[in-house]
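> with the input below, show me the fold.
(one chain, ligands or ions: 1)
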Amino acid sequence: MAEASRTFHTILLPSFSHLHKAQSPAGFTAFPRKRCGHRIVVHCSVSTTNDASRTKTTVTQNMIPWGCEIDSLENASTLQKWLSDSGLPPQKMAIQKVDVGERGLVALKNIRKGEKLLFVPPSLVITADSKWSCPEAGEVLKQCSVPDWPLLATYLISEASFEKSSRWSNYISALPRQPYSLLYWTRAELDRYLEASQIRERAIERITNVIGTYNDLRLRIFSKYPDLFPEEVFNMETFKWSFGILFSRLVRLPSMDGRVALVPWADMLNHSCEVETFLDYDKSSQGVVFTTDRQYQPGEQVFISYGKKSNGELLLSYGFVPREGTNPSDSVELPLSLKKSDKCYKEKLEALRKYGLSASECFPIQITGWPLELMAYAYLVVSPPSMKGKFEEMAAAASNKMTSKKDIKCPEIDEQALQFILDSCESSISKYSRFLQASGSMDLDTTSPKQLNRRVFLKQLAVDLCTSERRILFRAQYILRRRLRDIRSGELRALRLFDNFVNLFK
Ligand SMILES: C[S@@+](CC[C@H](N)C(=O)[O-])C[C@H]1O[C@@H](n2cnc3c(N)ncnc32)[C@H](O)[C@@H]1O
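Numbers count the residues shown, from 1 in each chain. You can find the predicted model right below:
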């Protein structure tokens, strides 16, 4: 099964992006729900704080009236019964409270390595083609060619608002009322806890995209059909919830032509970095399955993989950070920039732009090393005017747009390039160290225990992320220093040899 079976899109709605200037956000106050016909209505008032440079959104209260607390088994048995009544075959697992991931699927019987599990039939899978409780609403979205992600987000809210009259009501009741995800961090929390990590930028970009997507839908569609999409139901608050659910539960099914889907039951499985098994549609059994890559004994939690993701990506979409050193796919984004003082700044930027890159780029570093693209970018940054003829080749190699991926070699500027990467690494390391040192005394300045709990929880996630990212940078720093030492001692040796040679002839 394809590695990237779990998906997230940074750009949610590219075609609507011209409308992304956020209108109103900041400071939601949600009121208790009211009934409106056969639908639940969520009242939200939205206020705006605009400073000169940006629009801030602060969700002050979360009052989503459906779903349940993520750490409770409230609706789990009803979900299980409904699933088996609706065609889910008998299972070797059950939903239970677990140590990793709050709720999860736990083995009831011995499970062999290589065994297929789940068999969720297509009738129990939510896709962009699922039937709407309000078919007119679905028709409108299809006529407007709304892409799968925003369509599914709207579908989920629509079905949730129909409560018991939706066929998915038992599923929705067991979904978390507030999914763990960086979507639920305020801008102040992102700035405070994730200042050192590039994940902060990704989170801000994602939140902006979700707000933009909602605003596009509101302007283009919801405001034109207020009876089908009343604002009391389809608002920023409910969209944040539905996108939070999609980011943390949507899967891409390679054998269903890569369709994205919510798969009830399968989405109760938690992630482990130590397994390599993914969900997919199995044509022979006609259900969504996964094949175990280890055995499980009764009482053990069963895991799948959400894909080869870094700790930062796991925090961004799923709201957790694996234990330090347990994620072989972990990586940290290292920011690199052209130097403004460079005599060839313009030419270098032109070359980069030609290959879709800019004056500042981030490259992933893993514990095992860094990509060829990063080295090519560093070569370009440090190359002198005499190497102008190679700028394009370097930019192409940095962008990975070369027809064949080749390791570009410029031994004459190796030392400068490695030193440049080392400087960038060390500047990142000091940011992480500053945060980690300060985190000890952070967050004790609140009198409300609820707020204190949230702060301590977010801070712990940030500390775990920053510790794992800094660990990778420390390793890169060690390798870079060693390579530089080798280059320099090699050069010294060559110099000494040369001096001896010259002295011989004196
Ligand atoms: C697809 S759901 C899995 C079921 C989920 N535990 C539940 O109770 O609904 C993904 C969510 O599970 C939790 N999760 C999954 N794997 C985890 C892990 N290894 N550690 C901590 N939380 C995890 C996170 O909250 C994540 O957003």
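> so where's this protein shaky on pLDDT?
Filtered on pLDDT under 70, the chain yields the residue ranges 1-62, 402-406, 443-447, 492, 495, 498-499, 501-506.
> what segments of this structure are helices?
Listed in chain order, the helices of the chain (DSSP state H) span 76-85, 135-143, 148-161, 169-173, 187-193, 199-217, 236-249, 311-318, 345-354, 372-382, 391-399, 414-439, 449-504.
> could I get these as TSV with mean neighbour count and distance to residue 102?
Using the backbone N, CA and C atoms, a C-beta is placed for each residue, glycine as well. Listed next are those as TSV, based on neighbours: other C-beta atoms under 10 Å; distance: least, C-beta to C-beta, whole Å:
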stretch	mean neighbour count	distance to residue 102
helix 76-85	16	11
helix 135-143	15	32
helix 148-161	24	21
helix 169-173	21	16
helix 187-193	17	21
helix 199-217	21	22
helix 236-249	24	12
helix 311-318	24	12
helix 345-354	16	45
helix 372-382	23	37
helix 391-399	21	41
helix 414-439	17	24
helix 449-504	15	13
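> possible to save those as CSV with distance to residue 99?
Shown next, in CSV, are those (distance: least, C-beta to C-beta, whole Å):
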stretch, distance to residue 99
helix 76-85, 17
helix 135-143, 40
helix 148-161, 29
helix 169-173, 24
helix 187-193, 24
helix 199-217, 25
helix 236-249, 19
helix 311-318, 16
helix 345-354, 47
helix 372-382, 37
helix 391-399, 43
helix 414-439, 25
helix 449-504, 16
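> and those helices: which comes nearest residue 70?
Residue 70 lies closest to helix 236-249 among the helices of the chain, at 10.0 Å (C-beta to C-beta).
> give the other helices and strands that the closest one contacts.
Helix 236-249 sits against strand 28-36, strand 39-46, helix 148-161, helix 199-217, helix 311-318, with contacts defined as 3 or more C-beta pairs under 8 Å, 6 or more residues apart in numbering; DSSP states H and E.
> I'd like these laid out as TSV, including distance to residue 456.
As requested, the helices and strands packed on helix 236-249 are arranged in TSV below (distance: least, C-beta to C-beta, whole Å):
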stretch	distance to residue 456
strand 28-36	24
strand 39-46	28
helix 148-161	31
helix 199-217	19
helix 311-318	16
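> neighbours of residue 134, how many?
Residue 134 has 20 neighbouring residues, counting by other C-beta atoms under 10 Å.
> swap in residue 263?
The burial count for residue 263: 23, using other C-beta under 10 Å.
> then residue 285?
Neighbour tally, residue 285, other C-beta under 10 Å: 13.
> from the ligand, how far off is it?
Separation of residue 285 from the ligand (C-beta to the nearest ligand atom, to the nearest Å) stands at 22 Å.
> show me the contacts for that residue.
116, 119 (C-beta atoms under 8 Å, 6 or more residues apart in numbering).
> for the residue nearest to residue 358 when sequence neighbours are not counted, what are its contacts?
Computed as C-beta to C-beta, 6 or more residues apart in numbering, the closest residue to residue 358 that is not its neighbour in sequence is residue 352, at 6.3 Å. Residue 352 is in contact with 338, 358, 359, 361, 380, 395, 398, 399, counting by C-beta under 8 Å, 6+ apart.
> no further queries at this time; thank you.
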